[in-house]
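Q: predicted model and sequence follow; I will ask about them next.
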Amino acid sequence: MRLDVITIFPEYLDPLRHALLGKAIEQGRLEVGVHDLRQWATDAHKSVDDSPFGGGPGMVMKPEVWGPALDSVAARESAANLESALPHLNRPRHDELEGVEAQAYAVDATADEDSDLPLLIVPTPTGKPFSQADARAWSNEEHIVFACGRYEGIDQRVVDDAARRYRVREVSIGDYVLIGGEVATLVIAEAVVRLIPGVLGNKRSHEEDSFSDGLLEGPSYTKPREWRGLAVPDVLTSGNHGLVDTWRREQALLRTWQRRPELLEAAELDKDDKAFIAQLEKEANTQGEG
Ligand code: ADE
């Protein structure tokens, strides 16, 4: 996979060279290019923004700068590759599993789109919510370009024009407003790259992630069995795998019911899951009455 990021703050993207992404770069599974938008600015001041038509606060990023930047990066004319920050190769990571083959996720084939075109991701608080399903689909892409807007955003014609050369996705990472798209790009890139086959060991290591089956993951514990007067739940040290699986499933259901009940509507629940939730609801109602 190749990731290109266009930004006015290239240093902001430095974390892409570290940890898991740095390792993916070293393994040759990932190339990352970070491009300073100002190299496409044409005036003496290298300005990239201007006041909005119709008035109002803030500045809007200029189409004459973004257009050539996106053309050049789509055509892979602008090389500015990041080197990995650390030598990771041959060093095992804590999150690797041995001996299981890497497998790709199913491809996101949206009808009437040419999947040979690069994917352009424009992080914006007005975008569609980014999800684990997007991360999975995009982990199969060959070339993803991120356009990091600042200020009040990018002139909308840039996005409309880019749709002729790219498959464009305007996405939000949450219902809050950041200063620009850089941090959102880091979030999306990490979520996608860890799912590239071979980067995080294997596909099985993601299958138990929160959201993979529509539920939040339950709590985890390690040694010692007792710490500061708090004991690990007995079932986890019982050696009974069946009981452990049932307990883990119930903890995932409990946590999801407490924290993100709306997820339960879309999750695949069997008869036992439904009975467990019904029991939680019954207990909550009795407590409410008492
Ligand atoms: N840029 C500013 N806020 C953002 C958000 N919430 N998600 C994605 N990009 C953004």
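A: Okay, I see it.

Q: pLDDT at residue 90, what is it?
A: On pLDDT, residue 90 comes in at 53.

Q: can you offset everything so residue one is 54?
A: Done: numbering now begins at 54, and the last item shifts to residue 143.

Q: next, give phi and psi for residue 296.
A: The phi/psi pair for residue 296 (degrees, to the nearest 10) reads phi -70, psi -40.

Q: typo on my end, it should be residue 89
A: Dihedral angles for residue 89 - degrees, to the nearest 10 - are phi -80, psi 120.

Q: ok, the nearest residue to it once chain neighbours are set aside - how many residues close by?
A: Distance criterion C-beta to C-beta, 6 or more residues apart in numbering; nearest residue to residue 89, sequence neighbours excluded, is residue 63 at 5.0 Å. For the C-beta atoms, the positions are set from N, CA and C on the backbone; glycine is no exception. When counting by other C-beta atoms under 10 Å, one arrives at 18 neighbours for residue 63.

Q: what's the answer for residue 104, then?
A: Neighbours of residue 104 (other C-beta under 10 Å): 12.

Q: apart from its neighbours in sequence, what residue is nearest it?
A: Here the residue nearest residue 104, using C-beta to C-beta, 6+ apart, is residue 112, at 6.2 Å.

Q: same question, residue 77
A: Closest to residue 77 by C-beta to C-beta, 6+ apart is residue 83, at 3.8 Å.

Q: and residue 241, by the same measure?
A: Per C-beta to C-beta, 6+ apart, closest to residue 241 is residue 183, 5.9 Å.

Q: in contact with that neighbour, which residues are there?
A: 224-226, 237, 240-241, 244 (C-beta atoms under 8 Å, 6 or more residues apart in numbering).

Q: what does residue 176 give?
A: Residues in contact with residue 176 (C-beta under 8 Å, 6+ apart) are 199, 201-202, 224-226, 234, 237-238, 241.

Q: that older thread, tell me the spacing between the residue nearest to residue 89 and residue 245.
A: 20 Å (C-beta to C-beta, to the nearest Å).

Q: the longest strand seen in the chain and the ligand, any residue contact?
A: Ranked by number of residues, the top strand in the chain under DSSP state E is strand 172-182. Yes. Strand 172-182 is in contact with the ligand by C-beta under 6 Å from any ligand atom, via 176-178.
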